[in-house]
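Chemist: here is my input; please provide its structure:
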Amino acid sequence: MSHYSFFVWGNRSRVKYPRTLDLPDIAAGRDIALKIGRIFDDTVPRWDSLSAKQKNAFVVEIVNDIGQTILMVPFRKIQVPAS
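Modeler: The predicted structure is shown next:
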């Protein structure tokens with residue numbers, strides 16, 4: 001298992017997701033990044049008022065245990081299921 005940290009990047013800031021996870025591979029890390037993006041969509045105040053361009057500026061960065069960026073998942077890749 002590999003040790004991964006997650007960060008949400010916006011235009012001006014980088015915020016660390018509070019949990020670091022041990023995952024079997026980067027595909028599992030990508031799944032977690034997509035989940036973080038969906039949580040953002042559901043919980044961040046005024047998220048719905050942002051334009052598509054503003055939302056697309058956000059990414060989830062996946063970093064391994066030695067600090068290397070492994071993958072950047074843009075929010076535009078996150079499909080929010082219809083309610």
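Chemist: so which residue is smack in the middle of the protein?
Modeler: Centroid-nearest residue in the chain: residue 60, 2.8 Å away (criterion: Cα atoms, centre = their mean).
Chemist: work out the gap between the helix ranked longest in the chain and the centre of the chain.
Modeler: Criterion DSSP state H: the longest helix present in the chain is helix 26-43. Put simply, helix 26-43 sits 5 Å off its chain's centre (Cα atoms, centre = their mean, to the nearest Å).
Chemist: OK, contacts around the residue nearest to the residue nearest to the centre of the chain when sequence neighbours are not counted?
Modeler: Spatial nearest neighbour of residue 60, chain neighbours left out: residue 33 (3.9 Å); criterion: Cβ to Cβ, 6 or more residues apart in numbering. Glycine gets a C-beta too; all of them are placed from N, C-alpha and C. Listed by Cβ atoms under 8 Å, 6 or more residues apart in numbering, the contact partners of residue 33 are 6, 60, 62, 71, 73.
Chemist: give me the mean pLDDT for the helix or strand hosting the last one.
Modeler: Spelled out, that is residue 73. Using DSSP states H and E, residue 73 maps to strand 69-74. Strand 69-74 carries an average pLDDT of 93.
Chemist: mind putting the contacts of residue 33 into a markdown table with distance to residue 52?
Modeler: Shown next, in a markdown table, are the contacts of residue 33 (distance: Cβ to Cβ, whole Å):
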| residue | distance to residue 52 |
| --- | --- |
| 6 | 23 |
| 60 | 17 |
| 62 | 23 |
| 71 | 22 |
| 73 | 17 |
